[in-house]
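1. Sequence and predicted structure, then a few things I'm wondering about:
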Amino acid sequence: MPKLDATAKLSTPLGKILLTGAAGGLGQVLRHSLQPFANSLRLSDITPMTSAAAHEEIVQCNLADKAAVDAAVAGVDAIVHMGGVSTERPFEEILEANIKGVFHIYEAARRHGVRRVVFDSSNHVVGFHKQSDFLETDCARRPDGYYGLSKAYGEDLSRFYFDRYGIESACLRIGSSFPEPADRRMLVTWLSYRDLTELVRCCLFAPALGHTIVYGASNNRDPWWSNAGAAHLGFVPQDNTEPFRAKAESVAPLAADDPVRVYQGGSFVVRGPFETLPAVSP
Ligand code: 15L
């Protein structure tokens, strides 16, 4: 793997990066925006993808399939793991794609000697903190559902693989990465695609990544999160939500005691339960 040098930017691209979840929302963004940072990209997803450019390899891969993940990881220099279920869903779905999936990624990284993983964690790891709280990267985790729990597991798993095997990781607690913020909450949580790309670049090229937790938000007003604990990444977001404020604030706010407004996780804190068994009679 070429020497990791945060100042080098485009001059020393990595060899081959595996991007999981490449057909997903953020995967499609990174498929294009990461191109300058690697000689080639191996793109994996459970959804079939077509039309690989010259610098791309396409691999269809179910993250719950250990052998398939192992094959997808073989021969890469770094992994950007965006794959899995990206919202609150029944536990059984989360178990397969996210919990088994992230284990398969790290186990394959260990087996194939991959030294660095960028793991798409989520703000939902801390979703039951209040919107009035200001969080550091080492705050107590308060997952707001099975999805947030699976990301908390991924953060712990990546820590274990660093402590035990020296595999470096960044856990990106991404807020809301969409073309633009969709509501008042996202005025705080939004991460532009440009800042997402820069965050991933910083994690790939940081000279010493170790095990780093970092929040993924643009330079928005009234933040809930501090990245002081991840300053070594050199991540400086360029965008902010001010151009979108008037539109988002033209919609009436929720009641002050509505849990969706009280907690950082927003609507995730009220999703479920997902009943799969008949109702229990009292
Ligand atoms: C996430 O982690 C989800 O993947 C995304 O779809 C958004 O819902 C985002 O969090 C959010 O909190 O806005």
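-> Nice, I can see it.
2. Compute the number of surrounding residues for the closest residue to the ligand within the stretch 151-282 of the chain.
-> For the stretch 151-282 of the chain and the ligand, the shortest gap (Cβ to the nearest ligand atom) falls at Ser176, measuring 3.3 Å. Glycine gets a C-beta too; all of them are placed from N, C-alpha and C. Residue neighbour count, defined by other Cβ atoms under 10 Å, stands at 22 for Ser176.
3. list the contacts for it?
-> Listed by Cβ atoms under 8 Å, 6 or more residues apart in numbering, the contact set of Ser176 reads Asn123, Ala182, Arg185, Met186, Thr189, Trp190, Leu191.
4. Repeat that for His55.
-> Gln35, Ala38, Asn39, Ser40, Leu41.
5. Narrow those residues to those that are buried.
-> Judged by neighbour count, with 16 or more other Cβ atoms under 10 Å as the criterion, the buried members of these are Gln35, Ala38, Ser40, Leu41.
6. still on that earlier bit, which among the contacts of Ser176 end up buried?
-> When the contacts of Ser176 are checked for burial by 16+ other Cβ under 10 Å, the buried set is Asn123, Arg185, Met186, Thr189, Trp190, Leu191.
7. Now the two most distant members of the residues you listed.
-> When those are compared pair by pair using Cβ to Cβ, the farthest-apart members prove to be Arg185 and Leu191, with a separation of 13.0 Å.
8. on that earlier part again, just curious, which of the buried ones among the contacts of His55 is nearest to Val214?
-> Among these, and counting by Cβ to Cβ, the member closest to Val214 is Ala38, at 20.6 Å.
9. Let me see the contact set for that closest one.
-> Ala38 makes contact with Pro13, Leu14, Gly15, Lys16, Ile17, His55, Asp77, Ala78, according to Cβ under 8 Å, 6+ apart.
10. again, but for Arg141
-> Counting by Cβ under 8 Å, 6+ apart, Arg141 touches Val125, Val126, Ala152, Glu155.
11. So which of the residues you listed are in strands?
-> The strands in this structure, assigned by DSSP state E, contain none of the contacts of Arg141.
12. Can you add distance to Arg201 and give these back as TSV?
-> TSV is the format used below for those (distance: Cβ to Cβ, whole Å):
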residue	distance to Arg201
Val125	22
Val126	24
Ala152	25
Glu155	21
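13. remind me which residues of the stretch 51-200 of the chain are low pLDDT?
-> Counting by pLDDT under 70, the stretch 51-200 of the chain has no low-confidence residues at all.
14. Up against the ligand, what does it have?
-> Ser86, Thr87, Ser122, Asn123, His124, Ser176, Thr189 (Cβ under 6 Å from any ligand atom).
15. Tell me if Phe103 really is in a helix.
-> Yes: using DSSP: H, G, I helix; E, B strand; the rest coil, the assignment for Phe103 is a helix.
16. Give the buried residues for stretch 76-91.
-> Of all the residues in stretch 76-91, those buried under the rule 16+ other Cβ under 10 Å are 76-86, 88-89, 91.
17. So which of those residues are in strands?
-> In this view, those that belong to strands under DSSP E are Ala78, Ile79, Val80, His81.
18. Contacts only, for the first one.
-> Ala78 makes contact with Met1, Leu14, Ile17, Leu18, Ala38, Val114, Arg115, Arg116, Val117, Val118, Leu204, according to Cβ under 8 Å, 6+ apart.
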